[in-house]
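Asks: Turn this into a model:
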Amino acid sequence: MAEDPAPPLFFAVPAPPGLQDLAARVQDDVRRALEPARFPPLEGLHVTLAFLGPMDPARVPGLLDLAAEAAAPCRSFTLRSAGTGGFPRPARARILWLGFDPQPALGALADRLREALKVRSVPFDPKPFQAHLTLARFREPVDLGRISLAPGDPVAFGVDRFELWQSERTPRGSRYRSLGGLRLTP
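Replies: Down below sits the predicted model:
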């Protein structure tokens, strides 16, 4: 009998309730206007800082220590939502995302965390960091220009922590569970 593979882990900033409300409005627009999509649960929305992939759960304490050390000089900051887009591009999107105004402190946190992972030889997805929340996934590419996605007024929120999360596959899609949080300096 084969062992279950180790669950994927990632560091992320969780989306607060106000941002979840904005995401729900955009998801409702998509449900009305586009082909079937899969929607992540609102309570699991997050901005991924570093995706580690499958990892032995025994490594969690060391990962939390590494992240705390990397984030020690980082201060809390404010993020503000800034419209939607699509990966790989809006005209042939497989993923609909909500973006944010540029925030150097968020980029610095992601960079410090990724550098600490690299120095300690912890594997992670090396794709360049792009701050976003994934709102929907499409089986076939869609042209997001075919609909009007009006998320409403931007939502600003304070970021004073990030977390190490575990992704759990279920028949209804991925579910996320926090394995520990890390506070940023006020």
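Asks: Break down this protein into its helices, ranges please.
Replies: Using DSSP state H, the helices assigned to the chain run over residues 17-33, 60-71, 104-119.
Asks: Verify the stated contact: residue 23 with residue 84.
Replies: No: with contact defined as C-beta atoms under 8 Å, residue 23 does not count as touching residue 84 (10.0 Å). In this view, the C-beta of every residue, glycine as well, is placed from N, C-alpha and C.
Asks: what do those two both touch?
Replies: Counting by C-beta atoms under 8 Å, 6 or more residues apart in numbering, the shared contacts of residue 23 and residue 84 are 98, 135.
Asks: Identify the residues contacting the spatially closest residue to residue 108 that is not a sequence neighbour.
Replies: Nearest non-adjacent residue to residue 108, counting by C-beta to C-beta, 6 or more residues apart in numbering: residue 74, 6.5 Å away. Residues near residue 74 by C-beta under 8 Å, 6+ apart: 105, 108, 109, 112, 184, 185.
Asks: hmm, back to that, lowest average pLDDT across the helices of the chain?
Replies: Lowest mean pLDDT within these: helix 17-33, at a mean of 91.
Asks: Buried residues in that helix, which are they?
Replies: 19, 20, 22, 23, 26, 27, 29, 30 (16 or more other C-beta atoms under 10 Å).
Asks: got the contact list for that helix?
Replies: 15, 37, 39, 42-43, 45, 81, 84, 96, 98, 133, 135-136, 146-152, 155, 157.
Asks: Of those, which count as buried by neighbour count?
Replies: Here, 16+ other C-beta under 10 Å leaves 15, 37, 39, 45, 81, 84, 96, 98, 133, 135-136, 149, 151, 155 buried among the contacts of helix 17-33.
Asks: Restricted to strands, list those residues.
Replies: 37, 81, 84, 96, 98, 133, 135, 136 (DSSP state E).
Asks: give me phi/psi at residue 126?
Replies: For residue 126, the backbone dihedrals are phi -80, psi 0 (criterion: degrees, to the nearest 10).
Asks: can you pull the pLDDT of the nearest residue to residue 40 once chain neighbours are set aside?
Replies: Excluding the flanking residues, the one nearest residue 40 by C-beta to C-beta, 6+ apart is residue 134, at 6.0 Å. Residue 134 carries a pLDDT value of 95.
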